[in-house]
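Novice: no sequence for this one, just the structure:
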């Protein structure tokens, strides 16, 4: 229990919080502006102006003064004094004392007699009052008296409230402005059509925000360009698209904004240059209404104006760079906040009274003032890291009831959108401050950053203040989140639970044992480099290895779960004590090798199967040399070689390089530093092989052709990832989502990598994503919204494709679609992905997804995209909204096979255990002892074969198999619609028996099989 002293102290602290004035820059700038306006008004008084008793004859008479005439001289100084100058003003009575030092030239030596000083002092203030009243920044000037002393009057200056005034003037001249707009647009069809297009663009670009754009403002801007004031930039001979381009270019690039937009007045009133300058000082942007009375852009904030100009520039880029003058990008793409901003923050301020403690309506409303406070804090904290920060609070929602007063208008959260300029800058771990010698700046730095500020001594001998956020490479995306939370808690006293930053909510799907396995990328690349070096140094082999290239996605950091070092794949592993949960599986990573003079040998067979066996013989020789075996590959058969080599490998752990190898009939695996590398040989002769299918010779992808395509793809994607560091995490989220919804058989990982690459290479109308959640949302929308039936997706990673290449790809696509006219549901490829190495989409999507699979995939993507958008924007604190993005419904299948969770190859990767509550249970089985995901000490278990492959082989015409290859415990089975041939009861019994066979087939691994619904029967 708190002591009496602590309670008393708390009360005093709370009282001080209530009465202390906010001295943040957005508030002090208002005072500074008023003081500057007063100085300007005083400076405008002519020097030497005669001042006589006639200025205030009655005051002079009543105080009994004489000889009061003088010539006006400007004050020696105009300075802020009193409590405000040392930040000790007590609310709610807020006033700022302004001291004017009167010049000696206005007085005589004996003026202290007969109240002459008092009279001259008053006359001097009378002259100042007259000129202050003519200043547009001064709303009113009144008299008061110092401590009720009538002979010492004071001037009380009320600063003008520009937004308040404009709010009134807006209504006063609404009819005149409407009439002007109506006259401007009347009779010009093209101008009206262009305005409609501009409004569609603004709505799609999410620019209709209170501090950015409105329908009236875009109308005024367009009208301005029609008039003489806008140099008649728009003429009656232009069509709508020309007017649209001119208006967008004016918004994005015109320098007229610096001096403000002023219409040539229709009446007698003319706006002087002085008035223009004064109004520009009051507002960041000036659009003087057609009647010349007020600023139509008085609500427009600097950040809102920046966003407006940025979006206009992007729209122009779309018109120049995209097909059909950017029609789809500008008018059909929804650029909402979750897809536009890289980081989104919601501040829950319901029942938070701090933001309106000074009142709801000052010059600006308290909600707008609080927006500026938040923006000011974040802008200082994230300086150099961001391209744009937007803060807006939609406090007046459509369902609010103003009859209940303004205190109820805090239900919606305040939204912050942050656009990153560069990932490298955004993810810097330190904010460098001034040196301790710069005492004032160092104190300011420490006051801002608080306990995050510390002194550091750098290697070059420099000592400076720094604020540091130390993170591993795979956690650096959290830095901006932590910076924002720190400064908002420190400067706005917001509790952490009320600050919701959208950044890491999906990280859980990429973690394994609470850590991202990408953290092992350094050890993987070192192991690969060691292997590559050893392979190039090999001698006494039939071919000399000239190049080694990694193929697996783990090397390009796009694998959802890249392997971690396995203790049994490390030199002298017998001495290693295995952890409790050591995985059974050692995931092999494919590596492609090429050799000198391999192509020149005339002894290579031209049959693909024979060529692959010959390659295996070479790989065995490589393995032999790595472990210093003594196998004669010339005198024994390949099968005998592998048997003999496997025996030799067991005894060759202490080889020249400390490398272990294993061999099967098809593969040779090399173990280095805990990783398994599977070697593949590329022979250029194999690139043009043909196969006989069904008695006919058809062009199909040979093993060498597939290797070549994989090598090209791997190289290009790795280069792209180097250009865009955030690419890898976005791909991994996309792959995890595809697998979680049982599409592992439908969409290859290379296709997913190309889809995400498209987001970076052709991002318009966005900019390349700089955060994983934003990129993931755009991936989902690409899947769901792209017109796959009538458009190829061209992914030009290195900019190699020429216009002729693009024409060739489109002609190939059209030719392909023409083959399936009237039969589009069988079109292949349904998803046409063209690259510089694969212009006809043969590599990844020729067989899958099918049209039906792609339709299903798009439907799932639409649902997930909508859910993700809602969870980003809504005030939802629980994790369920995020988890459901990766939780797939099981009621969309005819049957579901559930697997024993503790027998999965990687049980820790299972996100959500599957449950089936509908339908009939066909069979239930116990877990078999043969399936063991974890090793027991000094015991090796065989890896589990993929049940889904067996199902596809055994029941090819019965089921379509849907699975999660990354860690799911459910397999979905769908049956095609069949024509009615027999009685429904017989059909159901056959299906029931077939599902029983599925359960028996996976005995020991299958937990249960459920029949949810029978396939539809067509008559």
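Specialist: Okay, I see it. In this text the structure is predicted, and so the values were computed from the model without any measurement.
Novice: pretty sure residue 999 belongs to a strand, no?
Specialist: No - in this structure, residue 999 is helix, not part of a strand, as judged by DSSP: H, G, I helix; E, B strand; the rest coil.
Novice: let me see the contact set for the nearest residue to it once chain neighbours are set aside.
Specialist: By the measure of C-beta to C-beta, 6 or more residues apart in numbering, the closest residue to residue 999 outside its immediate chain neighbours is residue 923, 3.6 Å from it. C-beta: built from backbone N, CA, C; applies to glycine. Counting by C-beta atoms under 8 Å, 6 or more residues apart in numbering, residue 923 touches 995, 996, 999, 1000, 1006, 1008, 1009.
Novice: what helix or strand is residue 923 on?
Specialist: For residue 923, the element it lies in under DSSP states H and E is strand 920-924.
Novice: only the buried residues of that strand, if you could.
Specialist: Using 16 or more other C-beta atoms under 10 Å as the test for burial, strand 920-924 gives 922, 923.
Novice: average pLDDT for stretch 482-489?
Specialist: Mean pLDDT, computed over stretch 482-489, is 96.
Novice: OK, contacts around residue 256?
Specialist: residue 250.
Novice: re the thing from before, ok, the strand holding residue 923: who's next to it in the sheet?
Specialist: strand 1006-1011 (antiparallel) (DSSP bridges).
Novice: just the contacts of residue 923 now: which is nearest residue 594?
Specialist: residue 1006 (43.2 Å; C-beta to C-beta).
Novice: that closest one: how many residues sit nearby?
Specialist: Residue 1006: 24 surrounding residues under other C-beta atoms under 10 Å.
Novice: quick one: it from residue 997, how far?
Specialist: In this structure, residue 1006 and residue 997 are 11 Å apart, going by C-beta to C-beta, to the nearest Å.
Novice: next one: residue 780
Specialist: Using C-beta to C-beta, we find residue 780 at a distance of 37 Å from residue 997.
Novice: the two - which one has more neighbours?
Specialist: Ranked by neighbour count (other C-beta under 10 Å), residue 780 and residue 997 place residue 780 first, with 26 against 14.
Novice: how about the more buried one, secondary structure?
Specialist: Per three-state DSSP, residue 780 ends up helix.
Novice: pretty sure it is touching residue 866, no?
Specialist: No - in this structure residue 780 lies outside contact range of residue 866 using C-beta atoms under 8 Å: 9.0 Å.
Novice: quick check, central residue of the protein?
Specialist: The residue lying closest to the centre of the chain (C-alpha atoms, centre = their mean) is residue 342, at 2.4 Å.
Novice: who are the contact partners of that one?
Specialist: Neighbour list for residue 342: 418, 419, 420, 769, 770, 771, 774 [criterion: C-beta under 8 Å, 6+ apart].
Novice: which one of those is nearest residue 884?
Specialist: Of the contacts of residue 342, the one sitting nearest to residue 884 (C-beta to C-beta) turns out to be residue 774, at 19.1 Å.
Novice: what's the nearest residue to that closest one if we skip its chain neighbours?
Specialist: residue 342 (5.3 Å).
Novice: which regions of the stretch 701-850 of the chain lie under the pLDDT threshold?
Specialist: Applying pLDDT under 70 to the stretch 701-850 of the chain flags no residue at all.
Novice: and the longest helix for the protein?
Specialist: Among the segments of the chain that qualify as a helix by DSSP state H, the longest is helix 851-873.
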